[in-house]
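Q: dropping a prediction and its sequence here:
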Amino acid sequence: SPTSPKPPASPSEKVGVLNVTKITENGKRVRKNWTSSWTVLTGASLLFDKKAQGSSSWFASSQSKPEFTVDLRGASVDWAPKEKSSKKNVLELKVRHGTELLLWSENDVVVNEWLKALQDAISAHAWE
Ligand code: I3S
C-alpha cells in the first residue's frame with residue numbers, strides 16, 4: 001500500500017578507504033601486508049580494490065578489477081584482539097574457508113561504521 005514504509009533497496013551498501021591485510025589464508029597464517037584499499041560492501045560481498053595512486057575518485061578506481069572479494073555469508077567480524085595488531089581501531093573479519101583479514105583506519109568513527117555495516121550484512125545474509 002502507499003502508506004507502508006519501503007525497506008531501503010540496498011541496506012548494506014558502503015564504500016570507503018580502509019587499510020586491509022590478510023592474516024590467514026586456508027587456515028594458514030600469512031605475512032601481513034597492509035594495503036590501502038577502496039572497500040565496497042554490496043549485499044553479501046566485500047570487495048577490496050587497491051587504491052589507485054594519485055587518484056581520490058571512486059570512479060577512477062572502479063575502472064579496475066576488484067583485487068580481492070570475500071563472501072560474507074557465514075562470516076564473523078569483531079574488534080581484533082590486541083595481540084593481532086599493535087594498532088588501534090582494528091577489525092578482525094573471519095570468512096569461510098579459513099581466511100582472516102584485519103581492517104583498519106586511523107579514524108575510529110570510520111571503523112565503527114564499518115563494524116556496524118559488516119555486522120548488518122552478515123546477519124542479513126546469515127541464512128543463505
Ligand atoms: O603482527 P606483526 O607481524 O607484528 O605485524 C607487523 C608487520 O607486518 C610489519 O611488517 P614487517 O614485519 O614486514 O616489517 C608491519 O609494518 C606492521 O604494521 C605490522 O604490525 P601491526 O601491529 O601494525 O599490525
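A: In hand now; what should we look at?
Q: show me which residues of the protein are close to the ligand?
A: Within reach of the ligand by C-beta under 6 Å from any ligand atom, the chain has these residues: Lys32, Trp34, Ser85, Ser86, Lys87. In this view, the C-beta of every residue, glycine as well, is placed from N, C-alpha and C.
Q: can you pick the most crowded of the residues you listed?
A: Using other C-beta atoms under 10 Å as the neighbour test, the residues of the chain next to the ligand are led by Ser85, with 18 neighbours.
Q: quick one: contacts for it?
A: Residues in contact with Ser85 (C-beta atoms under 8 Å, 6 or more residues apart in numbering) are Leu102, Trp104.
Q: run the last query once more with 6 Å
A: Contacts here follow C-beta atoms under 6 Å, 6 or more residues apart in numbering; on that basis Ser85 touches Leu102.
Q: from the residues of the chain next to the ligand, pick the one nearest Thr69.
A: Thr69 lies nearest to Trp34 out of the residues of the chain next to the ligand, by C-beta to C-beta, at 18.7 Å.
Q: any idea which helix or strand in the chain has the lowest mean pLDDT?
A: helix 58-62 (a mean of 53; mean pLDDT, DSSP states H and E).
Q: contacts for stretch 121-128, please.
A: Contacts to stretch 121-128, defined as C-beta under 6 Å, 6+ apart, come from residues Ser12, Leu41, Ala44, Leu72, Arg73, Ala75.
Q: could you redo the last one with a cut-off of 10 Å?
A: Applying C-beta atoms under 10 Å, 6 or more residues apart in numbering, the contact partners of stretch 121-128 are 11-14, 41-46, 71-77, 93, 95.
Q: pull out the buried positions in that stretch.
A: Using 16 or more other C-beta atoms under 10 Å as the test for burial, stretch 121-128 gives Ala121, Ile122, His125.
Q: re the thing from before, now the element after the least confident helix or strand of the chain, going C-ward?
A: Downstream of helix 58-62, the next assigned helix or strand under DSSP states H and E is strand 68-71.
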